[in-house]
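> sequence unknown, structure follows:
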């Protein structure tokens, strides 16, 4: 059965625990990020995909439309159940804050999609140690601190009652250099995109702290094989295009 048929048969219900995912600002943010991912011209169709931090499955849908076999993993049971009901596919619960070692049971995926998760963890190095051993291509989008930050990881507090936030109540805002160096421990090829998604949370200059208190984000691509792609560079850009 195709994804469109499954969607017609499944009833999507929202409740107090997941309603924030369907706010207009959140949906716009998803569209912007996935449009940017599509613009990178990576080979994404028909792949085996491990999705880490799947939320309510908006990014899951991105891959299902491309004929991919997707395994969404979430930290909250109610979100796993929502995805299963929404798409009629299996979804697994792993608390990435305390149970990242369970990812040992997952390996040999073509793509690991990790958008919007890393910064909700207070143990990013521990998480990446396991997550980066699950697939050939690792796609990472996360909130970051600007390059002038004195703390490379920057632990922050988050609202534990909000299902879009950290389960533990603690997250992080690592620097781009810290992320780049961590990914290089597990992948021989690590890239940054030369462009940013068209959204104010993705500034073109991340060297110095910006005015205002909005989140700051960046995109990373890590691979076991070299990627010949003019939209990716093997260094941290001073300025994005």
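Looks like it came in fine. These numbers were taken from a predicted model, which means no experiment stands behind them.
> Show me what the longest helix along the chain is packed up against.
Across the chain, the helix with the greatest residue count (assigned by DSSP state H) is helix 24-39. Contacts defined by 3 or more CB pairs under 8 Å, 6 or more residues apart in numbering; DSSP states H and E place helix 24-39 against helix 58-64. Bear in mind the C-beta positions are built from the backbone N, C-alpha and C, glycine included.
> which outside residues touch the helix it packs on?
The contact list for helix 58-64, computed with CB atoms under 8 Å, 6 or more residues apart in numbering, reads 3, 21, 27, 30, 34, 37, 44, 47, 49, 51, 54, 70, 72, 83, 87, 89, 111, 113, 115.
> Now do that helix: distance to the chain's middle.
12 Å (CA atoms, centre = their mean, to the nearest Å).
> Show me where this protein has its helices.
Counting by DSSP H, the helices of the chain are 3-9, 24-39, 58-64, 77-87, 124-131, 176-184.
> Out of the contacts of helix 58-64, which end up buried?
3, 21, 30, 34, 37, 44, 47, 49, 51, 54, 70, 72, 83, 87, 89, 111, 113, 115 (16 or more other CB atoms under 10 Å).
> what pairs with the residue nearest the centre of the chain across the strands?
In the chain, the residue lying closest to the centroid (CA atoms, centre = their mean) is residue 115, at 1.1 Å. Note on residue 115: beta-bridge partners residue 141, judged by DSSP bridges.
> quick one: contacts for it?
33, 37, 53, 59, 139, 140, 141.
> give me that answer again for 7 Å
33, 59, 139, 141 (CB atoms under 7 Å, 6 or more residues apart in numbering).
> and of the residues you listed, the nearest to residue 225?
residue 139 (14.3 Å; CB to CB).
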